[in-house]
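**Student:** Sequence and predicted structure are below.
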Amino acid sequence: MSNDKNNWIVSQIKHLGLVITGAVLFAASFPNPVFIKGLPFLTWFSLIPILIVIYRSKLITCILWGAIYGFLSYALFNYWLGNFHPLAGTITYTIYSIYLVIVFVLLKLACIFFPKRAYLVQWVIWLTYEYLRTLGFLGYSYGVTGYSQWQMIPLIQIASITGVWGVSALITFPSFWLAGVLHKYFSQRRRDAENAEKEKKEKLKKETQINKTEKTSEAQKASLRSLRSLRLCEK
């Protein structure tokens with residue numbers, strides 16, 4: 001029981017590390033104090049860490065990870081909102097924390113209901129989220145992944161036809177596809193390891209049973225010899 005608890009704690013620490021990594025990659029893709037123009041190439045795989053967490057986590061746990069990722073990622077790349085008013089940043093970070101909780105739950109549901117094509121459904125869910133977050137009174141376009149490529153002039157030419165959504169679709173797809181591939185690979189490795197361990201235990205169990213049978217057989221033979229010896233003595 002203690003080992004299971006320790007393994008669970010280690011697993012959650014790893015997941016937290018991946019969520020933080022995902023938030024940092026997302027924020028670093030856009031202009032920031034460290035990289036003035038941002039690092040647009042990071043966007044192409046910035047979603048992989050959080051997708052791995054979603055694949056590995058239970059549905060209820062995804063609520064927590066969505067809240068942490070939403071708050072942290074938007075706090076990092078919207079750090080300047082605090083210059084307007086202390087509440088400006090806090091309110092924005094909280095709103096997107098709630099948004100990302102919903103998104104994480106939907107992404108997890110895609111894993112559950114569409115296991116073979118989860119990455120495609122997740123990709124559509126993410127693009128839908130990016131579009132919807134720009135609408136209405138709370139609409140806020142800054143942070144749409146396509147805008148991170150503002151320096152990549154040849155690439156963003158497709159925006160004249162598809163708008164920024166085409167750019168977002170192009171640069172986020174690798175994250176969803178690679179996360180799906182990695183999940184299948186490590187899931188298979190885990191199953192193979194579990195099967196090997198199971199076979200090892202069964203083999204050990206059979207060997208133990210054989211040893212017990214042999215010992216019982218030897219004991220029975222010894223008893224028969226003793227019984228014969230007693231009968232001979234009686235004669």
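**Tutor:** Arrived safely, thanks for sending. Residues are numbered from 1 along each chain as shown.

**Student:** Please count neighbours and contacts with C-alpha atoms only from this point.
**Tutor:** Noted.

**Student:** correct me, but His183 touches Tyr55?
**Tutor:** Yes: the pair formed by His183 and Tyr55 meets the contact definition of C-alpha atoms under 8 Å, at 7.0 Å.

**Student:** which of the two has more neighbours?
**Tutor:** With neighbours defined as other C-alpha atoms under 10 Å, His183 and Tyr55 compare such that Tyr55 has more, 22 against 17.

**Student:** pLDDT weak spots in this protein?
**Tutor:** Where the chain drops to pLDDT under 70, the residues are 1-2, 207, 210-235.

**Student:** at 90 instead, please
**Tutor:** The chain contains residues with pLDDT under 90 at 1-11, 31-38, 74-93, 116, 136-143, 150-151, 153-156, 185-235.

**Student:** And the strands in it?
**Tutor:** Counting by DSSP state E, the chain has no strands at all.

**Student:** Helices of that one, start to end?
**Tutor:** Counting by DSSP state H, the chain has helices at residues 2-28, 48-56, 59-77, 86-113, 118-132, 159-162, 164-234.

**Student:** Let's have these in TSV, adding distance to Ser148.
**Tutor:** Below are the helices of the chain laid out as TSV (distance: least, C-alpha to C-alpha, whole Å):
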stretch	distance to Ser148
helix 2-28	9
helix 48-56	17
helix 59-77	12
helix 86-113	18
helix 118-132	13
helix 159-162	13
helix 164-234	9
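
**Student:** Show me the one of those that comes nearest Pro40.
**Tutor:** Set against Pro40 and scored by C-alpha to C-alpha, those come closest in helix 2-28, at 8.0 Å.

**Student:** in the closest one, what counts as buried?
**Tutor:** 15-16, 18-28 (16 or more other C-alpha atoms under 10 Å).

**Student:** Kindly report the same for stretch 140-159.
**Tutor:** Per 16+ other C-alpha under 10 Å, stretch 140-159 contains these buried residues: 143-149, 156.

**Student:** ok, back up a step: would you point to the one among the helices of the chain that's packed deepest?
**Tutor:** Across the helices of the chain, averaging neighbours per residue (mean count of other C-alpha atoms under 10 Å) puts helix 48-56 on top, at a mean of 23.

**Student:** I'd like to check the angle between that helix and helix 2-28, please.
**Tutor:** In terms of direction (axes from the mean of the first three to the mean of the last three C-alpha atoms, to 10 degrees), helix 48-56 departs from helix 2-28 by 150 degrees.

**Student:** Could you check the angle helix 48-56 makes with helix 59-77?
**Tutor:** Using the same axes, to 10 degrees: helix 48-56 against helix 59-77 is 170 degrees.

**Student:** Helix 48-56 packs against which elements?
**Tutor:** Judged by 3 or more C-alpha pairs under 8 Å, 6 or more residues apart in numbering; DSSP states H and E, the packing partners of helix 48-56 are helix 2-28, helix 86-113, helix 164-234.

**Student:** can you tell me which of those helices comes nearest to Leu59?
**Tutor:** Of all those, helix 86-113 sits nearest to Leu59, with 6.3 Å by C-alpha to C-alpha.

**Student:** to the chain's geometric centre, what's the distance from the closest one?
**Tutor:** On the basis of C-alpha atoms, centre = their mean, to the nearest Å, helix 86-113 sits 16 Å off its chain's mean C-alpha point.
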